[in-house]
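Engineer: sequence below, structure please.
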Amino acid sequence: MRNSRIRERYKRLIKLSFAVIMLLGLCLLYAVVWSGYYNETILQAPFYRRGNWMMVLIYGILLAFFMSTYGGFEIGYLKNGNLIYSQVISVLFTNIVTYLQIAVIDRRLVNPIYLLPMTLAEIAFIIIWTMLFQTVYRNMFPPRKMLFVEGDRKDYHLRDKMNARDDKYQICEVISYKSRMEDIKKKIDQYDAVVLGDMPSHERNLLLKYCYMSEIRTYSVPKISDVLLRSSDELNIFDTPLMLSRNIGLSIEQEWIKRAEDVLIASLMFVLFSPIFLIAAIGIKCTDNGPVFYKQERLTKNGKKFMIYKFRTMIVDAEKTSGPVLATDKDPRVLPIGKVLRATRLDELPQIVNILKGEMSVVGPRPERPDIAAEIEKDVPEFSYRLKVKSGLTGYAQVYGKYNTTFYDKLKLDLMYIRKYSLLLDLKLILMTPKIMFLKESTEGVVEGKNSIL
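Structural biologist: Numbers count the residues shown, from 1 in each chain. So this is what the prediction gives:
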């Protein structure tokens, strides 16, 4: 136990060493291509020593930015496949920006032929270095043996997710918070860490303080009130600390900035994705000769209803017999081209029109159907809290959650976004969206028999 705690103190330095070596290796590959080809044979006015160093430095800064945005440095947190995918997409975006940068410097579209083998070499380096380091890291930091203290709400969703990461977590025992407090504390002493489920605040506080005193790592499931409190402002005008919670949504200035952001980004998206509109329209029309677009009533800010636009991905009148139900894995109602559109979330593109009309934002909570929202609110009355802002094409819950994340957890994620809104957060979520578009775990449908709203 003592040795593991000593290693814990150096975990950040170990992760930093991984990031530094990766950046240096990738920058070295770029330096070879830049100095050996582009600077010497392509540019009409080649750079000298300081200019070359500056170009490599800019490349490193871009690489670090995209790696931080997409989670390329999340060693020990992401699975190997997800981590390598994050690093590869970071390199691809960095190289695209770098090519445009070289083209601007030389005032013409230069030949990208040497960037292609460089990219392949970088991907090979990423795979080898990440796999090697992940193996060493997991030997140094084996899975934590954990006790799960179950709360009132059904926590099997969280347990299943943590059990799926057996490389990081090992839930050895489950006990209810309703057990005798002394029995729970005795159990806690036997493990490396404790997960506290969604339980009443009194019991959770007692267990949290005990774990803090015993220096035992604690993972707590936040309640709605925790999310609201955590984003409150600190007031120190008295000798007693106060937390001020403003619960009015966005300020008027933030709404103006957000609207300008929506118009600008939606206009650019409409131009960039116009070829996809054409391809999707032809594919849908050729499948069953039905309508290309699908309209459906949804909710936005303050519960206002509007008609959302989507590419049609299901058969005509898909809900005529089944009624309003969520799509499931291997749903027979989904068209062949619809599977592609849904898997990549490209079926949402027509909502650019909703954004330009002012009914939606680029970033915000996903709009729910009125009838489904009413059903959710029977069990989660706070679900309407997410309607303090306009619904969005992408958002916090879409990026950090999954398609089949419970509505209770989606509410928490949406509230986190509303409470800490900023323009920079919006831009980060927009940049994160291309990554999740191609992750199956982010777009998977509700599994049959497990579509509980809780």
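
Engineer: chain center to the helix or strand residue 52 falls within, what's the gap?
Structural biologist: Of the helices and strands defined by DSSP states H and E, residue 52 is found in helix 49-70. Relative to the mean C-alpha coordinate of its chain, helix 49-70 is positioned 24 Å out (C-alpha atoms, centre = their mean, to the nearest Å).

Engineer: then stretch 195-211?
Structural biologist: So, by C-alpha atoms, centre = their mean, the centroid of stretch 195-211 is 27 Å from its chain's centroid.

Engineer: for it, buried residues please.
Structural biologist: Judged by neighbour count (16 or more other C-beta atoms under 10 Å), stretch 195-211 contains these buried residues: 195-199, 203-204, 207, 210-211. C-beta coordinates here come from the backbone N, C-alpha and C atoms, glycine included.

Engineer: which residues does it contact?
Structural biologist: With C-beta atoms under 8 Å, 6 or more residues apart in numbering as the contact definition, stretch 195-211 has outside contacts at 146-153, 155, 158, 162, 171, 177, 181, 184-185, 188, 194, 217-221, 223, 225.

Engineer: out of these, list just those in helices.
Structural biologist: Secondary structure assignment by DSSP state H places 158, 162, 181, 184-185, 188, 225 of the contacts of stretch 195-211 in helices.

Engineer: closest to residue 16 among the residues you listed?
Structural biologist: Of all the ones in helices among the contacts of stretch 195-211, the one with the least separation from residue 16 (C-beta to C-beta) is residue 162, at 26.2 Å.

Engineer: show the contacting residues for the closest one.
Structural biologist: Applying C-beta under 8 Å, 6+ apart as the definition, the contact partners of residue 162 turn out to be 146, 169, 171, 195.

Engineer: most neighbours of all these, which one?
Structural biologist: The residue in the contacts of residue 162 with the most neighbours, by other C-beta atoms under 10 Å, is residue 195 (24 neighbours).

Engineer: follow-up on the earlier one: now, the buried residues of stretch 195-211 that are in helices?
Structural biologist: The helices in this structure, assigned by DSSP H, contain 203-204, 207, 210-211 from these.

Engineer: rebuild the residues you listed as TSV, extending it with distance to residue 364 and pLDDT.
Structural biologist: Formatted as TSV, the entries for those read as follows, by distance: C-beta to C-beta, whole Å; pLDDT from 0 to 100:
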residue	distance to residue 364	pLDDT
203	35	90
204	31	91
207	35	94
210	40	94
211	36	93
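
Engineer: let me know the closest of the residues you listed to residue 422.
Structural biologist: residue 204 (29.8 Å).

Engineer: from residue 220, how far off is that closest one?
Structural biologist: Taking C-beta to C-beta, to the nearest Å as the measure, residue 204 and residue 220 are separated by 7 Å.

Engineer: export the ones in helices among the buried residues of stretch 195-211 to CSV and tack on distance to residue 255?
Structural biologist: Compiled in CSV, these are given as follows (distance: C-beta to C-beta, whole Å):
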residue, distance to residue 255
203, 40
204, 36
207, 41
210, 45
211, 42
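
Engineer: nearest to residue 350, of these?
Structural biologist: residue 204 (44.3 Å).

Engineer: rewinding a little: state the pair within the ones in helices among the buried residues of stretch 195-211 that is farthest apart.
Structural biologist: Taking every pair in those and measuring C-beta to C-beta, the maximum separation is 12.6 Å, between 203 and 211.

Engineer: re earlier: weed out the non-buried ones from the ones in helices among the contacts of stretch 195-211.
Structural biologist: The neighbour-count criterion (16+ other C-beta under 10 Å) marks 158, 162, 184, 188 among the ones in helices among the contacts of stretch 195-211 as buried.

Engineer: got a pLDDT number for the first one?
Structural biologist: Reading off the per-residue confidence, residue 158 sits at a pLDDT of 82.

Engineer: for burial, what's the neighbour tally of the closest residue to it other than its chain neighbours?
Structural biologist: Leaving aside its chain neighbours, residue 158 sits nearest to residue 221 (6.7 Å; criterion: C-beta to C-beta, 6 or more residues apart in numbering). One way to gauge burial is a neighbour count; for residue 221, by other C-beta under 10 Å, it gives 18.

Engineer: could you check how far residue 221 is from residue 412?
Structural biologist: Counting by C-beta to C-beta - residue 221 and residue 412 are separated by 9 Å.

Engineer: pretty sure residue 25 is touching residue 128, no?
Structural biologist: No. In this structure, residue 25 sits apart from residue 128 without contact. The criterion is C-beta atoms under 8 Å, and the distance is 9.8 Å.
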